[in-house]
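Asker: Predicted coordinates and the sequence they were generated for:
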Amino acid sequence: MNETIAAIATANGIGSISILRLSGDRSLEIALKLTRKSNLQPRYATLASLHHNDGTLIDEAIVIYFQAPRSFTGEEVVEFQCHGGYVVAESLLRAVLHEGARLAEPGEFSKRAFLNGRLDLTQAEATAALIEAKSDDAARILARQMKGELRGYIEGIRDSLLEILAYSEVVIDYAEEDLPEDVVDQIEVKLENIKHTLSRTLESSRRRSGLMQGFRVAIIGKPNVGKSSLLNALLDYERAIVSDIAGTTRDTIEEQVRIGTHLIRLVDTAGIRNASDEIERIGIERSIAAIENADVVIALFDASREIDEEDRSIIDLVERYRSEKPFICIVNKSDLPQVFDMSSIEHYHPIRLSCKQDTQVLVDTLSSLMDHENDGEEMMLISARQISATEGAVRSIDEAYEPLRDGELEFFSFHINAAIRYVASISRPYELDEMFDRMFGQFCLGK
Ligand SMILES: Nc1nc2c(c(=O)[nH]1)N(C=O)[C@@H](CNc1ccc(C(=O)N[C@@H](CCC(=O)O)C(=O)O)cc1)CN2
Ligand SMILES: Nc1nc2c(ncn2[C@@H]2O[C@H](COP(=O)(O)OP(=O)(O)OP(=O)(O)O)[C@@H](O)[C@H]2O)c(=O)[nH]1
Ligand SMILES: [K+]
Ligand SMILES: [Mg+2]
């Protein structure tokens, strides 16, 4: 008999309804006691009065019984939908604890669902992330992963690697001779495909990492072009200090803002200046760091001043990095007399605007750029854990080629085994049995 766990599943605070969940062997028994009913029909919403042991009425609530294994955790589950607020659900919780349930640890319902094979780790991670998602884009991908999209992808790769490993193990154990040349070629092609798939996933996950935490948009430009003014305009409040003194912003400022359905992390940097002294040099380095850490870069120029050396060092940076990431060139202060020579940046398709008046044109540009970034339906890894495991798998596959060609199948198996473990760790642990099932199932070795 396992322990029956209980928790209030809804947020703490005033709301019309709260849900309390029970999971474990004694869930039904406890529910029957509180409802004073003789039975609860599985998966039916039943209106019932709930009572404490001493007969005090707790609430009138909706009760739903999920009979094992057809429940979220795979165990016996009962849900109570009671009245909200601070008191009722707490009182109900005390009642179920009194009947022998214990308070669940954080994540314990999901842990049980995982241990009972209802969820794999990608689904558990996606569920946790979905609850914290900050944008529609992230939520869309996470909802699909919660339903098993990434799980299916990982299982497919695990299966292909397992097939290769099982084959290698059979040859090691039972074949007298080396692998024929064409078989080596075939295995190599299969490995190459797997590696290619994983590498593409890694690449697109890194490229689109902004989806989860918000796209980082860095604003660079020489002093006084209006970087902080632009940040404030996009945020719609006076976050950064703005003044006509060059070098007002000394440290990097970062703030989140929603643009359309997207979440953006805006980064205001110190103005880039020619490296005449130590402090200014640090300013340049900070801007380069900002570019390198950004998903999108806004390069800002000042329409009311002549183009100068400082602008040129910005243009140099645009030129240097623009093949690596999207740049948006903005010529600010369009409300003032226009002095800036546009021809020097014409081929970057600059946008003219005034931070003092209207930044909508930039908002639209950013919005369509983000829409475009999210187009890809490629598989996406959502955590550092998943990424490092995938990198490990690619590394292990790389190390497997040489022993395969040299006919050293023990070493080959060793590396494929490592690759499987890496891939498996993303979803659910690998068990040796799976390989044996493959080996004996597929190759009919005796009976
Ligand atoms: N009231 C309530 N709402 C909820 C949840 C919950 O646990 N309770 N969920 C909690 O996260 C989410 C829904 N996820 C769920 C996933 C599986 C099962 C479930 O009973 N699965 C069974 C039966 C499947 C079926 O009948 O189609 C199973 O997998 O065997 C329930 C909820 C969001 N909304
Ligand atoms: N007329 C006009 N003035 C602007 C506009 N945008 C910014 N300014 C002014 O330009 C000056 C510099 O603005 P900041 O936002 O501090 O410029 P910055 O690029 O952050 O400057 P540093 O942090 O010193 O590098 C301030 O006096 C702003 O009021 C604009 O669109 N039109
Ligand atoms: K300034
Ligand atoms: Mg500033």
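Answerer: Perfect, I can see it now. Numbering: from 1, shown residues only. Ligands and ions are numbered 1, 2, ... in the order given.
Asker: which parts of the chain sit against ligand 3?
Answerer: Within the chain, the positions near ligand 3 by Cβ under 5 Å from the ion are 224, 248. For every residue, glycine as well, the C-beta is placed using N, CA and C.
Asker: Looking at the chain, which residue is nearest ligand 3?
Answerer: Closest to ligand 3 within the chain is T248: 3.5 Å, counting by Cβ to the ion.
Asker: That residue looks like it's in a helix, true?
Answerer: No. Counting by DSSP: H, G, I helix; E, B strand; the rest coil, T248 is not part of a helix but coil.
Asker: For D120, which residues are in contact?
Answerer: 114, 148, 151, 154, 427-428 (Cβ atoms under 8 Å, 6 or more residues apart in numbering).
Asker: OK, contacts around I5?
Answerer: 22-24, 101-105, 108-109, 112.
Asker: secondary structure element for Y167?
Answerer: Y167 is located in helix 149-174, with elements delineated by DSSP states H and E.
Asker: Next, the angle helix 149-174 makes with the helix or strand just after that helix.
Answerer: Scanning forward in sequence from helix 149-174 by DSSP H and E, the next helix or strand is helix 181-207. Put simply, helix 181-207 runs at 150 degrees to helix 149-174, going by axes from the mean of the first three to the mean of the last three Cα atoms, to 10 degrees.
Asker: and helix 181-207, how far out from the chain's middle?
Answerer: 23 Å (Cα atoms, centre = their mean, to the nearest Å).
Asker: Please renumber the chain so that the first residue is 21 from this point on.
Answerer: That works, and once the first residue is 21, the last one we named lands at helix 201-227.
Asker: Tell me which other helices or strands it touches.
Answerer: Applying 3 or more Cβ pairs under 8 Å, 6 or more residues apart in numbering; DSSP states H and E, we find helix 201-227 packed against helix 169-194, helix 404-425.
Asker: Get me the contact residues on the chain for ligand 1.
Answerer: Within reach of ligand 1 by Cβ under 6 Å from any ligand atom, the chain has these residues: 39, 86, 89-92, 99, 138.
Asker: rerun that using 8 Å as the cut-off
Answerer: Contacts of the chain with ligand 1, taken as Cβ under 8 Å from any ligand atom, map to 29, 39, 41, 63, 84, 86, 89-92, 94, 97, 99, 101, 129-130, 138, 147.
Asker: do you know how far I334 is from ligand 1?
Answerer: Counting by Cβ to the nearest ligand atom, to the nearest Å, the separation of I334 from ligand 1 is 49 Å.
Asker: Tell me how many other residues surround that residue.
Answerer: Number of residues near I334 (other Cβ atoms under 10 Å) recorded here: 23.
Asker: again with A310
Answerer: Number of residues near A310 (other Cβ under 10 Å) recorded here: 21.
Asker: Could you find the closest non-adjacent residue to it?
Answerer: With sequence-adjacent residues excluded and distances taken as Cβ to Cβ, 6 or more residues apart in numbering, A310 is closest to A238, at 4.1 Å.
Asker: Who are the contact partners of the one you found?
Answerer: 287, 289, 307, 310-311, 313-314, 316-318.
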